[in-house]
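In: Structure, please.
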Amino acid sequence: MARRFPATSFAIPLCFALAALNPPSSAVAQPGSRLTIAETDHIQVGGSTLQVDFAEGPLDLPRQTFLAHVAAAASAVATYYGRFPVATARVLVIPVAGRQGILQGTTWGDMRGAPGFTRLRIGEHTTAADLAADWTTTHELTHMAFPSMPDDQHWIEEGFATYIEPIARVMTGNLTAEKIWTDMVRDMPQGEPAPGDQGLDHTHTWGRTYWGGAMFSLVADVEIRQETHNRKGLQDALRAIVNAGGTIDHDWTLPQAFAIGDRATNTHVLTRLYDDWKDKPVQVDLPALWSKLGIRSTPDGIGFVGNAPLAGVREAITRSKQNPVAASVAPQSQ
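Out: This next block holds a predicted model:
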């Protein structure tokens with residue numbers, strides 16, 4: 001069982017990060033605790049079913065609005081992976097009186113019969129605009145699509161979720177490519193090693209865990225696409241891991257997962273990068289990478305250079321392999 005705290009495709013204030021790591025004890029319900037459930041609904045996404053339980057508590061918006069938000073997040077995850085990663089999952093929504101926004105998300109595997117279990121703490125006064133801007137729900141559901149790792153490798157769980165969440169939302173039309181590349185250019189440097197860094201397996205700072213893992217993901221995606229002439233990418237490797245049973249309800253080693261991903265792309269990129277990055281600091285020349293991808297900073301954000309060497313790679317990263325996988329709220333049984 002792995003506990004996970006949220007990262008973001010945007011910069012977050014330090015106070016928010018600390019609040020996520022140390023939520024007020026009065027507001028925390030342990031997973032599977034006996035909260036009073038006010039309503040239970042179900043979301044169907046492909047062949048998978050998500051049970052959404054609302055704990056008792058005040059919410060300004062109708063519960064149907066929150067259900068639609070969870071359904072959109074599930075659709076994004078299913079679109080990226082080709083299907084929702086587990087057959088059944090549970091989402092527990094805990095209203096928090098007097099607060100606004102999605103305050104915290106945590107995800108576990110194999111929790112009381114549910115292969116994936118996500119708990120969301122949502123403020124009473126959360127608005128539709130808050131939900132439209134939210135990254136947490138998609139990030140948390142993405143965790144269900146990778147096996148649980150030993151403590152030293154939590155950076156890959158968080159790194160993949162941080163990297164994939166915004167890309168998946170582009171694939172379903174929830175975000176624009178311009179937006180997520182702007183955010184990556186701004187935030188990815190937080191993943192670079194600082195003095196004293198001993199590699200991703202041994203340096204468990206917030207920046208290295210979330211953005212160091214995301215930077216590993218980006219570099220892996222680009223290198224896989226370069227080696228396969230843009231026919232395959234990280235998405236193909238991760239889909240293969242899910243299809244082999246590598247989901248949150250299973251405990252794997254990272255070399256085991258990466259071997260499956262490498263076979264799917266007919267490369268050794270994931271294994272080689274892990275061998276390079278796990279025990280020593282590796283600095284990435286991000287400005288040079290952005291330039292090759294055709295990402296140019298402008299006074300208004302970023303612009304794309306169509307004839308850059310890796311412009312096609314950049315475009316392929318956010319291009320969906322299929323139409324978005326629909327997720328729908330099932331009618332309540334009478």
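In: Would you list the phi and psi of residue 60?
Out: phi -70, psi -40 (degrees, to the nearest 10).
In: so where's the stretch 201-334 of the chain shaky on pLDDT?
Out: 333-334 (pLDDT under 70).
In: Show me the strands in it, by range?
Out: 295-298, 301-304, 327-329 (DSSP state E, counting those that start in this stretch).
In: and what of the stretch 1-150 of the chain?
Out: 37-45, 48-55, 88-96, 102-111, 114-123.
In: Highest mean neighbour count out of those?
Out: Mean neighbours per residue, mean count of other C-beta atoms under 10 Å, is largest over the strands of the stretch 1-150 of the chain for strand 114-123, with a mean of 24. For every residue, glycine as well, the C-beta is placed using N, CA and C.
In: Let me know the average pLDDT across that one.
Out: For strand 114-123, mean pLDDT rounds to 97.
In: quick one: pLDDT of residue 26?
Out: Residue-level pLDDT assigned to residue 26 equals 37.
In: Oh, that last question was meant for residue 127, not what I typed.
Out: For residue 127, pLDDT reads 98.
In: any idea how far it lies from residue 193?
Out: 39 Å (C-beta to C-beta, to the nearest Å).
In: Next: residue 237.
Out: Distance from residue 237 to residue 193, by C-beta to C-beta: 24 Å.
In: do the same with residue 247
Out: 30 Å.
In: residue contacts, the spatially closest residue to residue 84 that is not a sequence neighbour?
Out: Spatial nearest neighbour of residue 84, excluding adjacent residues (C-beta to C-beta, 6 or more residues apart in numbering): residue 48 at 3.8 Å. The contact partners of residue 48, by C-beta atoms under 8 Å, 6 or more residues apart in numbering, come to 74, 78, 83-84, 86-89.
In: do the same with residue 328
Out: With C-beta under 8 Å, 6+ apart, residue 328 has these contacts: 43-45, 71.
In: ok, back up a step: look at residue 247 and residue 193 and report which has more neighbours.
Out: Neighbours per residue, other C-beta atoms under 10 Å: of residue 247 and residue 193, the larger number sits with residue 247, 25 against 21.
In: thinking the more buried one is in contact with residue 116, fair?
Out: Yes. Using C-beta atoms under 8 Å, residue 247 is in contact with residue 116, at 7.3 Å.
In: shared neighbours of these two, anything?
Out: Common neighbours of residue 247 and residue 116 (C-beta under 8 Å, 6+ apart) are 85-86, 109, 144.
In: now, the most widely separated pair of those residues?
Out: Greatest spatial distance among these (C-beta to C-beta): 85 and 109, at 10.5 Å.
In: Give the intersection of the neighbour lists for these two.
Out: 116, 144, 247-248.
In: mind checking pLDDT for residue 1?
Out: For residue 1, pLDDT reads 32.
In: Which member of the contacts of residue 328 is positioned nearest residue 233?
Out: residue 45 (22.7 Å).
In: Tell me what that closest one is bridged to.
Out: As for beta bridges, residue 45 partners with residue 48, residue 327 under DSSP bridges.
In: Quick check: closest non-adjacent residue to residue 273.
Out: Leaving aside its chain neighbours, residue 273 sits nearest to residue 220 (5.6 Å; criterion: C-beta to C-beta, 6+ apart).
In: That neighbour touches residue 269, doesn't it?
Out: Yes. If you go by C-beta under 8 Å, residue 220 and residue 269 touch, sitting 5.5 Å apart.
In: Start from the N-terminal end of this structure and give the helices.
Out: 14-21, 63-81, 128-133, 136-142, 154-171, 177-187, 206, 213-227, 234-243, 254-265, 269-277, 286-293, 311-317 (DSSP state H).
In: which two in the shared contacts of residue 85 and residue 109 are spaced the farthest apart?
Out: So, the shared contacts of residue 85 and residue 109 by C-beta to C-beta: farthest apart are 116 and 247, at 7.3 Å.
In: so what's residue 169 closest to, chain neighbours aside?
Out: Counting by C-beta to C-beta, 6+ apart, the residue nearest residue 169 is residue 175, at 4.4 Å.
In: Who are the contact partners of the closest residue in space to residue 153 that isn't next to it in sequence?
Out: The shortest distance from residue 153 to any residue other than its chain neighbours is 4.8 Å, reached at residue 254 (C-beta to C-beta, 6+ apart). Each residue near residue 254 by C-beta under 8 Å, 6+ apart is listed here: 149, 153, 156, 274.
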